[in-house]
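Participant: Okay, structure incoming, though there's no sequence with it:
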């Protein structure tokens, strides 16, 4: 989390002070981070005598328990699953983020700045503070996400440990309307599509894995890009009905 926050601080500063586009700079920083990870895995963390660019397997004390292991501690039998305690950590993070955005002064300033930057500046809200704090929190949460695969599933660090979760997170945020509750529901849907799709493709080879990507693309298309195609006619219909009733 600390490294993620520090990594996000540079693009945040470039936007707040230099006006750089945050999307462009963060994507550029992805490539820098990938190059840094390759160097670290090959020069420092790689197991001697191994050709694989990955760290050694973590010690038992550095693993986070799976949900079936936790259930076994209390005498409940569950099928083995890659789901682990990071699921509850994510729920706690969503609850804390909801409280920050909708129940704090900073959250009010953040929402005001998001709706209208000029109006927020006129009201005395500092754009530098909003951008820096928001990006630091975002970077920390991005770093926290990695424990799901690094400490829970793979139990080691390799080149593709995040499995493209950053770009999937954009789709989840879009579908969840950037609200913690909506993000939870959207993340569960995408998780079911990913895990269930992989198992379905394994059990029924005639169903290609690209079919799951197509379903995800259609979900994003109809809930995000084409939202107004359905929303605007429905709103107009309700407004006409309301006028008639009044």
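Facilitator: Received, thanks. None of these values were measured; they are calculated from a predicted model.

Participant: rest of the way, CA atoms for contacts and neighbours
Facilitator: OK.

Participant: Read off the pLDDT value for the residue nearest the centre of the chain.
Facilitator: The centroid of the chain falls nearest to residue 169 when counting by CA atoms, centre = their mean (3.7 Å). With respect to pLDDT, residue 169 has a value of 85.

Participant: doesn't it fall inside a helix?
Facilitator: Yes - secondary structure assignment places residue 169 in a helix (DSSP: H, G, I helix; E, B strand; the rest coil).

Participant: Could you measure from it over to residue 163?
Facilitator: 11 Å (CA to CA, to the nearest Å).

Participant: which helices and strands sit right next to the longest helix that the chain contains?
Facilitator: The residue-count maximum for a helix in the chain (DSSP state H) belongs to helix 180-203. Applying 3 or more CA pairs under 8 Å, 6 or more residues apart in numbering; DSSP states H and E, one finds that helix 180-203 contacts helix 86-102, helix 165-175, helix 210-220.

Participant: ok now stretch 72-90, how far from the chain's centre?
Facilitator: 21 Å (CA atoms, centre = their mean, to the nearest Å).

Participant: so how far does it reach from one end to the other?
Facilitator: In stretch 72-90, first residue to last residue: 22 Å (CA to CA).

Participant: how distant is the helix or strand harbouring residue 243 from the center of its chain?
Facilitator: Using DSSP states H and E, residue 243 sits in helix 227-245. Here helix 227-245 is found 33 Å from its chain centre; the criterion is CA atoms, centre = their mean.

Participant: Ok, stretch 37-54 next?
Facilitator: Going by CA atoms, centre = their mean, where stretch 37-54 is centred and where its chain is centred differ by 27 Å.

Participant: tell me which residues in it are buried?
Facilitator: Residues 37, 38, 41, 42, 45, 46, 47, 53, 54 are the ones in stretch 37-54 that count as buried (16 or more other CA atoms under 10 Å).

Participant: and if you look at stretch 151-170?
Facilitator: Residues 151, 152, 153, 154, 155, 156, 157, 158, 161, 162, 169 are the ones in stretch 151-170 that count as buried (16+ other CA under 10 Å).

Participant: Equivalent analysis for stretch 97-106, please.
Facilitator: Within stretch 97-106, the residues scored as buried using 16+ other CA under 10 Å are 97, 98, 101, 106.

Participant: ok, now how distant is residue 103 from residue 155?
Facilitator: Residue 103 is 37 Å from residue 155, by CA to CA.
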